[in-house]
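>>> below is the sequence, then the predicted model.
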2 protein chains.
Amino acid sequence: MQGTQQPTSEPTAYTPTDRTVPTRSAERASYDKELVHSILDEAYVCHLGFVRDGAPVVLPTLFGRVGDRLYVHGSTGSRPLRMTGQADPGLEVCLTVTHVDALILARSAFHHSINYRSVVVHGVAHQVTDPEEKRLALDALVDHVVPGRSADSRPANKKELAATAVIRLDLNEVSAKLRTGGVNDEPEDLALPHWAGVVPLRKGYETPLDDPDLAPGTELPAYLG
Amino acid sequence: MQGTQQPTSEPTAYTPTDRTVPTRSAERASYDKELVHSILDEAYVCHLGFVRDGAPVVLPTLFGRVGDRLYVHGSTGSRPLRMTGQADPGLEVCLTVTHVDALILARSAFHHSINYRSVVVHGVAHQVTDPEEKRLALDALVDHVVPGRSADSRPANKKELAATAVIRLDLNEVSAKLRTGGVNDEPEDLALPHWAGVVPLRKGYETPLDDPDLAPGTELPAYLG
């Protein structure tokens, strides 16, 4: 029917590009949005790569996600954030997140491996100048550390907002890569006397430690239970 | 006395450079070799950054250390390893390792943070062509996953050695950075009713899972106990 809008359904996967199709182990790659988001959301830090004076720099940093947008923050004086000045065309970055889930001990040295889940994002990061977007980004950064936490803390005041720069990187050219499963030894090695198997790594929290100056009666919140 | 050699004692710290002195929180930086090595040795993966077609690329990868040399391995077909061809001048890289030790939940959103330990290495990576150095590097890679493991596995055979490229990065321009301690809220925020404190993250192994095809009588080795 003329004039009728087709319902646009959100794509469930990112489109592969030359940079996001691995040269090796392509069967371990995924472009599924849900998987990419879950890997990103479980990570406390990302590794942000950029080029300075022609050389690569990789720095760990906190980040947050709102839909298909990632946010990184830092002091207005920090190098990567200065390099995305508001007037310039942005900073080309590669943002990578990795979880090591288990060690894979094979009988052969060659087949030692790890089970991992990683996400690599390529793109151009831009400074966030809209005050409302900046506030949402800072909430997302706090909620990324502990979901629900931004509503249970004092929001940034004017001075803190002015001291904080936020840059945005859209999720567009992005892929996940993962290894799961067990040991892949050669059939002729199976009878060797070396132990082989999967060593899962511990995840999660230890018991939270109260700050010594907690206001009287302040209980551990349910989101840390 | 003429002709007498001074005893040369090994320096215990790396020399700071422009690139390894942070613009912010310089008090968190360290160049102490023992600290740098301990942070590197505790990590399962590093994030290796390099420049391809003018753009940054950051990939997670296993690595090993022998003294002041780091080794990264991969298929001879993988991109960063092909880029350090034996005849060329090497590949400029930045290799970064990060541990997240604890979440720091402050009363103010602004003072949320993490306790972390990171190491950033700048340098030029070269392919290892000496067969003996390559063997030592591969042992170091396996022992990096589980100390002592290379002696308890079948060494790489000729075919496996030929399929594996190893690159070396010398520890020279390198720094550690770390945050420790508790919450740093503003004095006027201490009476706020929000819980604040340190949430340590779990470390170490879960119970190892035997490969289903273990040779009869193979026990879990003591180094995994």
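Yep, that arrived.
>>> and stretch A:206-217, end to end?
Stretch A:206-217 has its terminal residues 22 Å apart, counting by CA to CA, to the nearest Å.
>>> repeat for stretch A:40-53
Start-to-end span of stretch A:40-53 (CA to CA) is 29 Å.
>>> mind listing what's buried along that stretch?
For stretch A:40-53, burial by neighbour count (16 or more other CB atoms under 10 Å in any protein chain shown) applies to A:Leu40, A:Ala43, A:Tyr44, A:Val45, A:Cys46, A:His47, A:Leu48, A:Gly49, A:Phe50, A:Val51. No exception for glycine: its C-beta is placed from N, CA and C like everyone else's.
>>> go on, stretch A:144-156?
A:His144, A:Val145, A:Val146, A:Arg149, A:Ser150, A:Asp152, A:Ser153, A:Arg154, A:Ala156.
>>> closest one of those to A:Glu92?
Set against A:Glu92, the nearest of the buried residues of stretch A:144-156 by CB to CB is A:His144 (23.2 Å).
>>> in terms of secondary structure, what does the helix of greatest length in chain A contact?
The residue-count maximum for a helix in chain A (DSSP state H) belongs to helix A:131-145. Judged by 3 or more CB pairs under 8 Å, 6 or more residues apart in numbering or on different chains; DSSP states H and E, the packing partners of helix A:131-145 are strand A:64-66, strand A:69-75, helix A:158-163, strand A:164-170.
>>> ok, and what's touching the shortest one?
Where contact means CB atoms under 8 Å, 6 or more residues apart in numbering or on different chains, the residues beyond strand A:64-66 that reach it are A:37, A:40-41, A:70-71, A:136-144, A:171.
>>> top of the residues you listed by neighbour count?
When those are compared by neighbour count (other CB atoms under 10 Å in any protein chain shown), A:Leu70 ends up highest, at 28 neighbours.
>>> grab the nearest non-local neighbour of it.
Among residues not flanking A:Leu70 along the chain, A:Leu169 sits closest, at 4.6 Å (CB to CB, 6 or more residues apart in numbering or on different chains).
>>> how about the buried residues of stretch A:144-156 in TSV, adding pLDDT?
Putting the buried residues of stretch A:144-156 into TSV (pLDDT from 0 to 100) gives the following:
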residue	pLDDT
A:His144	96
A:Val145	94
A:Val146	95
A:Arg149	96
A:Ser150	96
A:Asp152	96
A:Ser153	97
A:Arg154	97
A:Ala156	94
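>>> hmm, back to that, how far is the longest helix of chain A from where the chain is centred?
Taking CA atoms, centre = their mean, to the nearest Å, one finds helix A:131-145 lying 15 Å from the centre of the chain it belongs to.
>>> kindly report the same for stretch A:199-209.
How far stretch A:199-209 lies from its chain's middle: 19 Å, per CA atoms, centre = their mean.
>>> please point out which parts of it sit buried.
Within stretch A:199-209, the residues scored as buried using 16+ other CB under 10 Å are A:Val199, A:Leu201, A:Pro208.
>>> in strands only, show me those residues.
If you go by DSSP state E, the buried residues of stretch A:199-209 have A:Val199 in strands.
>>> which one of the buried residues of stretch A:199-209 is nearest to A:Pro16?
Among those, A:Leu201 lies closest to A:Pro16 (CB to CB), at 29.6 Å.
>>> where are the low-confidence patches of chain A?
For chain A, applying pLDDT under 70 flags the ranges A:1-8, A:77, A:80-81, A:85-88.
>>> and the strands in it, which stretches?
Counting by DSSP E, the strands of chain A are A:29-30, A:46-52, A:55-61, A:64-66, A:69-75, A:91-105, A:113-127, A:164-170, A:173-178, A:197-200, A:209-210.
>>> returning to what we had before: redo the buried residues of stretch A:144-156 as a markdown table? Include distance to B:Leu214.
Output for the buried residues of stretch A:144-156, formatted as a markdown table (distance: CB to CB, whole Å):
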| residue | distance to B:Leu214 |
| --- | --- |
| A:His144 | 41 |
| A:Val145 | 41 |
| A:Val146 | 40 |
| A:Arg149 | 44 |
| A:Ser150 | 48 |
| A:Asp152 | 49 |
| A:Ser153 | 50 |
| A:Arg154 | 55 |
| A:Ala156 | 55 |
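>>> taking these, tell me the two that lie furthest apart.
Top of the distance list for these (CB to CB): A:His144 and A:Arg154, 17.8 Å.
>>> so what's the residue nearest to A:Pro60 when sequence neighbours are not counted up against?
Excluding its sequence neighbours, the residue lying closest to A:Pro60 (CB to CB, 6+ apart) is B:Thr98, at 3.9 Å. Neighbour list for B:Thr98: A:Val45, A:His47, A:Pro60, B:Ala43, B:His47, B:Tyr116, B:Arg117, B:Ser118 [criterion: CB under 8 Å, 6+ apart].
>>> what is the nearest of those residues to B:Ser30?
Here the nearest of the contacts of B:Thr98 to B:Ser30, counting by CB to CB, is B:Arg117; it sits at 9.5 Å.
>>> give me the number of residues near the closest one?
A count of neighbours around B:Arg117, defined by other CB under 10 Å, yields 23.
>>> residue contacts, it?
Counting by CB under 8 Å, 6+ apart, B:Arg117 touches B:Ile39, B:Thr98, B:His99, B:Asp101, B:Ala176, B:Lys177, B:Leu178.
>>> most neighbours among these, which one?
B:Thr98 (25 neighbours).
>>> pairing-wise in the sheet, spell out the partners of that one.
B:Ser118 (DSSP bridges).
>>> one more: the one 10 residues further on?
In this structure, B:Ser108 has the following beta-bridge partners (DSSP bridges): A:Arg154.
>>> count of residues packed around A:Ser25?
If you count neighbours by other CB under 10 Å, A:Ser25 ends up with 12.
>>> just give me the residue closest to the centre of chain A.
Nearest to the geometric centre of chain A sits A:Leu40, at 3.5 Å (CA atoms, centre = their mean).
>>> where's it relative to A:Arg117, distance?
10 Å (CB to CB, to the nearest Å).
>>> before we move on, back to that, what residues does the longest helix of chain A touch?
Here helix A:131-145 makes contact (CB under 8 Å, 6+ apart) with A:41, A:44, A:62-66, A:71, A:73, A:128, A:149-150, A:153, A:155-156, A:161, A:164, A:166, A:168, B:103, B:105, B:109, B:112, B:114.
>>> contacts only, for the residue nearest to A:Leu70.
A:Leu169 sits next to A:Arg69, A:Leu70, A:Tyr71, A:Val72, A:Val93, A:Leu95, A:Val121, A:Gly123, A:Val124, A:Ala125 when contact means CB under 8 Å, 6+ apart.
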